[in-house]
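A.B. asks: would you be able to build a 3D model of this:
(one chain, ligands or ions: 1)
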Amino acid sequence: AVCLKYLPQYFENQTLHHLFWCAQGVNIILWAIYETQIYPRFICPLRQLPGPTGGYPLLGYGLIRFKKPVGPEYLKFMQETSHNGLMRYRGFLNTNNVLLASPQTLAEVLVKRPYDFEKPEGPRNFMRRVLGDGLVLVEGDVHKFQRKRLMPSFSFRNIKDLYPTFWDKSIKLTDAIAEKVLASSGGTGITDVNFWSTKVTLDIIGIAGLGRDFNTIKNSDDLLAQTYDKIMEPSLGKMIIFALTSYKLHWLNQFVPGRIDAKLESATDSLRRTCIHFVHEKREKSAAMGSESTDILSKLMETNEFSNEELVDQLLTFIAAGHETTSSTFAWVIYLLASNPHIQSQLREEIHANLRTTSPVDADSDLSSVLESLPLLNGVCNETLRLYPTVPLSMRTPRQDTTIAGQRIPKGTEIYIVPWAVNRDQELWGPDADVFKPERWIDAETGKPNNTGGTSSNYSILTFLHGVHSCIGQGFAKAELRALTAAFVGAFEIELAYPDRPPIPAGLITTKPEGGIE
Ligand code: HEM
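C.D. replies: Residues are numbered from 1 along each chain as shown. You can find the predicted model right below:
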């Protein structure tokens, strides 16, 4: 209106309406230039942090978190730029993202002030489809409440009591492979370890989590197992949906070709329906007969503090969080042992000297003490967890403007914690950080297992993270891995069927060997 009134000679044929929209267009362009060029480069308090230069115009290094595997680029940033534990790199639209790269900054965010940070909303919305609103995704007081109720199920005592289940299922696994893969071919055969490992870990979490034996080792066409396979199988379509949801563009998901979003929706609906059925069935059973059960669902029900809907969310969480992660780690154990035949033979000797691997465990044998004391077995499992963390990256964002190590961090900044990179950092692990060396986990003087891999800080290994949001199932997963590895290596000699095709860790939140390990 001002232009039309005072400068009419310049706007002869223009209406107020036209001018309004032109001004809006100019505004949007100026705003975009400010947000993507001026603010990140000249104003943002993070701009002076050390970090890589370059990256794609406007995309920065935003695509690296979708790479296969996720992690090597972050490690490169850490190794190529000198830093004090806090780094910056440009993400989508040039936003400054923060990378935590030292034990001090990791401790501050994960342990000292964990509730000042939370998982960003976009990735959380994607994960919610599979995990429900269970322990992984809740924050603040709700998280404190749920974690306290779940902790007893993961106590040292409870894990010890679960060893016979882990062992029994491990023996069922080796028996099934011997019968279905080896019997018909004179004792030698090719099979995909990942195919079997997802079944056995699903069976284990079924028993420990809800007192139910899915028995998918026997019934490999079980619906639950197939649904998880469909959801977890890495694919480009799912990657695009994850990226769109992460950047709050989920309304575009429906346009991803192949009806991927609809298929994902139908698979996650089916999971929820199955879990609703499990919860109802368990309620009816315990109302009719009382409950002596020790599984996680029964223990939560006993507290009388969870509605059915909340129990379904917890169930979705620990079935998903508790089986794919361990399953993939076990597949990597087998890959690393097949690639290192010398270590494989030493491990077999250790197992045969201490365990009768083909039989179910005697009622009075202390399986947990035996398995936990075997130095090489523990070394192999810990070294695999170090080299192939199945959650290679986790994100946080500050709830308010805050500081980390004295550096101002604006609310909404994406903060990256990258177990893959930290676990392979040469500063922490030495020049052979990339090498599979189970002996790191064996004390040179006593010959007993150690918990630090020979490094000086707990924060050198981030596979289970640390602090209040660290993996509640860490002890469970390690015990399960020991049993599976001991039974498998005790029973079979392993070679890679295709040594010239190294498997690649792929996936969205958790990773698995793409195409399996044969
Ligand atoms: C090798 C196996 C496993 C790995 C590598 C792993 C890794 C992790 C990581 C990195 C987190 C933290 C995620 C984050 O905050 O961004 C986590 C959380 C969690 N994990 Fe695991 N996990 C494993 C096995 C298990 C098992 C067996 C269970 C249950 C039986 C389990 C249940 C959970 C739950 C409930 C949380 C959420 C904890 C919280 O926020 O308080 N995980 N896991």
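
A.B. asks: list the contacts for residue 96?
C.D. replies: 40, 44, 46-47, 49, 88-90, 413 (C-beta atoms under 8 Å, 6 or more residues apart in numbering). In short, each C-beta sits where N, CA and C put it, glycine included.

A.B. asks: now do the contacts for residue 385.
C.D. replies: Counting by C-beta under 8 Å, 6+ apart, residue 385 makes contact with 329, 461, 463, 478, 481.

A.B. asks: name the residue of the stretch 401-518 of the chain that lies nearest to the ligand.
C.D. replies: Here the stretch 401-518 of the chain gets closest to the ligand at one residue, residue 473, 2.2 Å apart by C-beta to the nearest ligand atom.

A.B. asks: you'd agree that residue is up against residue 317?
C.D. replies: No - the pair residue 473 / residue 317 is not scored as a contact, 10.2 Å apart, by C-beta atoms under 8 Å.

A.B. asks: joint contacts of these two?
C.D. replies: Common contacts of residue 473 and residue 317 (C-beta under 8 Å, 6+ apart): none found.

A.B. asks: next SSE downstream of the longest helix along the chain?
C.D. replies: Using DSSP state H, we find that the single longest helix of the chain is helix 308-339. Reading on from helix 308-339 to the C-terminus, the next helix or strand found by DSSP states H and E is helix 341-354.

A.B. asks: skip the chain neighbours and tell me the closest residue to residue 459.
C.D. replies: Excluding its sequence neighbours, the residue lying closest to residue 459 (C-beta to C-beta, 6 or more residues apart in numbering) is residue 103, at 3.6 Å.

A.B. asks: ok, the one you found to the ligand distance?
C.D. replies: According to C-beta to the nearest ligand atom, to the nearest Å, residue 103 and the ligand sit 17 Å apart.

A.B. asks: which residue packs closest to the residue nearest the centre of the chain, ignoring adjacent ones?
C.D. replies: With distances taken as C-alpha atoms, centre = their mean, residue 391 lies nearest the centre of the chain, 2.7 Å away. If the residues on either side of it in the chain are set aside, residue 391 comes closest to residue 510, at 5.7 Å by C-beta to C-beta, 6+ apart.

A.B. asks: so where's this structure shaky on pLDDT?
C.D. replies: For the chain, applying pLDDT under 70 flags the ranges 291, 357-365.

A.B. asks: switch the cut-off to 80
C.D. replies: Scanning the chain for pLDDT under 80 picks out the ranges 1-5, 7-16, 184-185, 220-221, 287-293, 356-365, 508.

A.B. asks: flag every residue of it that's near the ligand.
C.D. replies: Contacts of the chain with the ligand, taken as C-beta under 6 Å from any ligand atom, map to 135-136, 147, 205, 317-318, 321-322, 325-326, 329, 389-391, 394, 463-465, 469, 471-473, 476-477.

A.B. asks: out of those, which sit inside helices?
C.D. replies: Using DSSP H, the residues of the chain next to the ligand in helices are 147, 205, 317-318, 321-322, 325-326, 329, 476-477.

A.B. asks: residues near the spatially closest residue to residue 351 that is not a sequence neighbour, how many?
C.D. replies: Among residues not flanking residue 351 along the chain, residue 490 sits closest, at 4.4 Å (C-beta to C-beta, 6+ apart). When neighbours are defined as other C-beta atoms under 10 Å, residue 490 has 20 of them.

A.B. asks: in what helix or strand does residue 490 lie?
C.D. replies: Going by DSSP H and E, residue 490 is part of helix 474-491.

A.B. asks: now that helix and helix 341-354, what's the angle there?
C.D. replies: Inter-element angle recorded for helix 474-491 and helix 341-354: 90 degrees (by axes from the mean of the first three to the mean of the last three C-alpha atoms, to 10 degrees).

A.B. asks: other SSEs contacting helix 474-491?
C.D. replies: helix 156-177, helix 193-210, helix 308-339, helix 341-354, helix 367-373, helix 375-387 (3 or more C-beta pairs under 8 Å, 6 or more residues apart in numbering; DSSP states H and E).
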